[in-house]
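Novice: build me a structure from this.
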Amino acid sequence: KCIGEQVAASLLKLRLTEEIMERKELEAFQTMSAFLIHDLKNAASTLGLMLENLPAHFDNPAFRQDAFRGIGSAASRINDLINRMNALRHELRLEPAKLDLNLVVTEALANLNGTLATKLVTKFDQVPTILADRQQLQSVFTNLVLNARDAVGTDGRITVETTRNGDWVALSVSDNGCGMTEQFIKNSLFRPFRSTKKKGLGIGMFQSKTIVEAHHGKIHVESELGVGTTFRVMLPLKCQTA
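Specialist: Predicted structure coming up:
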């Protein structure tokens, strides 16, 4: 009888363990799906804003050139996301390479050109190369800039800055927009599906935090209602290849 009870208990424990693993795998799948959908939404939004601005600026050769470049980049980004969906895994997988953070940010801004109607200021320090995933970091930066754009409207200002801080490289995105409450930052900002936007998915900041932490980095936020917000992404230099 004791052996039978032990076997039954072991089988029950095994079944519960399998159920927990299946639940975790489903949650991971849903999270990665939400990340990819959010990035697709950003790419589609970029294309939409370019097309919206096209009639007013089509006679400007520089705008046309930037628009064509942006459309090509968005199309490549969408194709990359579709490939990631086809090979969707159960956790975030990085493809690290030596990167110039300033170049990564510059490329991401070029992809967003034509979608930012507000004043943009860039301040780039000479920072060391880092070992990171280019696509994932561009997703983080795109999320931060689009959030800032939505916060300031057309009359505001966005400042993008890169600096070195000891054993860390920092990327900051600041705006003089509406700001956030301390309660929202503490309880909702980095949690999934907690958006203040009517059409938002509530994924961007959760995705950004997940990606930054996968790089062994940190993300900080300072905000004040009616004054603005600063997001600071800290990426470690230690353990980086020379």
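Novice: how much space between Gln65 and Asn113?
Specialist: 10 Å (C-beta to C-beta, to the nearest Å). C-beta: built from backbone N, CA, C; applies to glycine.
Novice: for the spatially most central residue of the chain, what are its contacts?
Specialist: Closest residue to the average C-alpha location of the chain: Val140 at 2.6 Å, with C-alpha atoms, centre = their mean. With C-beta atoms under 8 Å, 6 or more residues apart in numbering as the criterion, the residues that contact Val140 are Gln207, Ser208, Ile211, Val212, Val233.
Novice: now the host helix or strand of it: buried residues?
Specialist: When secondary structure is defined by DSSP states H and E, Val140 falls within helix 134-152. Residues of helix 134-152 classed as buried: 135-149, 151-152 (neighbour count, 16 or more other C-beta atoms under 10 Å).
Novice: any idea how far the residue nearest to the centre of the chain is from Phe68?
Specialist: When distance is defined by C-beta to C-beta, Val140 is 26 Å away from Phe68.
Novice: same question, Thr122
Specialist: Spatial separation of Thr122 from Phe68 under the definition C-beta to C-beta is 23 Å.
Novice: could you do Thr118 as well?
Specialist: Counting by C-beta to C-beta, the gap from Thr118 to Phe68 is 23 Å.
Novice: which of the two has more residues huddled nearby?
Specialist: Taking Thr118 and Phe68 together and counting by other C-beta atoms under 10 Å, Thr118 has the greater number of neighbours (17 against 11).
Novice: and that one, what does it touch?
Specialist: Counting by C-beta under 8 Å, 6+ apart, Thr118 makes contact with Arg149, Val152, Gly153, Thr154, Asp155, Gly156, Arg157, Ile158.
Novice: this structure: strands as residue ranges?
Specialist: Along the chain, counting by DSSP state E, strands occupy 97-99, 119-124, 130-132, 157-165, 168-175, 218-224, 228-236.
Novice: looking at these, which is closest to Leu54?
Specialist: Closest of the strands of the chain to Leu54 is strand 119-124, at 19.8 Å (criterion: C-beta to C-beta).
Novice: and that closest one, what does it pack onto?
Specialist: Packed against strand 119-124 by the contact rule (3 or more C-beta pairs under 8 Å, 6 or more residues apart in numbering; DSSP states H and E) you find helix 101-112, strand 157-165.
Novice: got the CA coordinates for the shortest one in CSV?
Specialist: This points to strand 157-165. Output for strand 157-165, consisting of C-alpha atoms alone and laid out as CSV, is shown next (Å, rounded to 0.1, in the frame of the first residue of the first chain):
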residue,chain,number,x,y,z
ARG,A,157,11.5,68.3,-27.9
ILE,A,158,13.2,64.9,-27.8
THR,A,159,16.8,64.6,-26.8
VAL,A,160,18.8,61.4,-27.5
GLU,A,161,22.2,61.1,-25.8
THR,A,162,24.9,58.4,-25.5
THR,A,163,27.6,58.6,-22.8
ARG,A,164,30.1,56.4,-21.0
ASN,A,165,29.6,56.0,-17.3
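Novice: flag the shaky bits of this structure, pLDDT-wise.
Specialist: For the chain, the stretches flagged by pLDDT under 70 are 1-36, 76-77, 79-91, 114-115, 192-203, 239-242.
Novice: break it into its domains for me.
Specialist: 2-86, 97-236 (automatic domain parsing).
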